[in-house]
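J.: sharing a model prediction with you, sequence too.
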Amino acid sequence: MTGRPVIVAGSWGSALAEKGVVPDAQLWTSPANLEAPDMVRQVVADWAHAGAHAILVNSYSTGPLLMHGLGRLDDMERMDGRAIGLAREALEDFERPIALAGSFSIHGALARSEAEPEDDLSGRELEILFRRKAAIFKDHGCDFIYMERIRGIRRGLIAVEAAVSTGLPVWVELAIDRAEDGHVCSAGPCRWRFEDMVSSLMSTGAVACIVSHEDPQVIADALQILRMVWAGDQGVSLRNGACVRGRWQQGDLDAEAYLVEAERWRRQGARIYAMTAGTGADIIAPLAEDVARV
């Protein structure tokens, strides 16, 4: 961490869609690492030139539970390793250092599928799968691991601990929602209290906590709670669109609106801007100019 605001780029679905890459029905963007390497490299270069300080490699959609259910764990290692290699190639001659982060999803592209027998797996079996995923990032030289869209405590805790065990810095992104009573909770079916999510998952040795939602006000409310229960680095991930029937549908957020929210989050103590889920180079560039003045 630099002591200054940090921009992390990783909206692979929207970025590749803009370049005409059709997502895979099961594995979303990860097959592009093998089938469209030039496009993957170009996306990384676009984000770097826009001003990103770190890049999430294209490894989100090969979640170990999904890949285990599909019987494709070897493909997980192959696609993720290639994702890291392509990102490194894209940044090879770049003038300033840019960190690479392994994007680690528990589930993968599909939040739930018949090929995902997660309820039948013991804690030890989950740990083995999650450690296998985390080891890819360690072995291929990533600078840190980004746990993307964690929604529950049990599997989330095992996964974060597996990532921390690599010795790499671990950032945890929590997918949040607003409960019927108005309180902030997890986005998963268990509807965990946000405070409990933070207390459990950030006790693992992870170094940064990021909150993710599509409503800027929900993010602001979560940051207010986060300041009371977590003293480490804090960040935000504003979702600007959604995957509908296997295709990415872009939201209507523009750079001007994002900068207004970013200033509010910065006053609340957030220093990390995770540009995932539809926030691409068009928003990164003006944000990078803005944070350079901080």
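T.: Thanks, I have the structure now.
J.: so is the nearest residue to N58 once chain neighbours are set aside in a helix, a strand, or just coil?
T.: Spatial nearest neighbour of N58, excluding adjacent residues (Cβ to Cβ, 6 or more residues apart in numbering): A83 at 4.3 Å. From N, CA and C alone the C-beta is placed, and that goes for glycine too. Here A83 is recorded as helix under DSSP: H, G, I helix; E, B strand; the rest coil.
J.: and the gap between D74 and R178?
T.: According to Cβ to Cβ, to the nearest Å, D74 stands 40 Å off from R178.
J.: comparing these two, which residue is more hemmed in?
T.: A direct count of neighbours by other Cβ atoms under 10 Å for D74 and R178 places R178 higher, at 17 against 9.
J.: distance of that one relative to V211?
T.: From R178 across to V211, the span is 12 Å (Cβ to Cβ).
J.: most remote residue from the middle of the protein, which is it?
T.: What lies farthest from the middle of the chain is D181; by Cα atoms, centre = their mean that is 27.8 Å.
J.: any idea how far it lies from E77?
T.: Counting by Cβ to Cβ, the gap from D181 to E77 is 44 Å.
J.: state the mean pLDDT of stretch 179-187.
T.: The average pLDDT within stretch 179-187 is 91.
J.: quick one: contacts of that stretch?
T.: For stretch 179-187, contacts defined as Cβ atoms under 8 Å, 6 or more residues apart in numbering pick out 149, 151-153, 174-178, 191-194, 197, 213, 218, 221-222, 225.
J.: residues contacting R131?
T.: Residues near R131 by Cβ under 8 Å, 6+ apart: 162, 165.
J.: pLDDT value on it, please?
T.: At R131, pLDDT is 97.
J.: helix or strand right after the helix or strand that it is a member of?
T.: Using DSSP states H and E, R131 sits within helix 123-139. On the C-terminal side of helix 123-139, the closest following helix or strand by DSSP H and E is strand 144-150.
J.: what angle sits between that next one and helix 123-139?
T.: Between strand 144-150 and helix 123-139, the angle comes out at 140 degrees (axes from the mean of the first three to the mean of the last three Cα atoms, to 10 degrees).
J.: and the next helix-or-strand element following strand 144-150, what other elements does it pack with?
T.: Remark: after strand 144-150, the chain's next helix or strand is helix 154-164, criterion DSSP H and E. If you count contacts as 3 or more Cβ pairs under 8 Å, 6 or more residues apart in numbering; DSSP states H and E, helix 154-164 packs onto helix 123-139, strand 144-150, strand 170-178, helix 194-201.
J.: next, the buried residues of the longest one.
T.: Spelled out, that is helix 123-139. Within helix 123-139, the residues that count as buried by 16 or more other Cβ atoms under 10 Å are 126-127, 129-134, 136-138.
J.: chain center to that helix: distance?
T.: 17 Å (Cα atoms, centre = their mean, to the nearest Å).
J.: contacts only, for L16.
T.: By Cβ under 8 Å, 6+ apart, L16 lies in contact with 23, 29, 32, 36, 39-40, 43.
J.: host element of it?
T.: Going by DSSP H and E, L16 is in helix 12-18.
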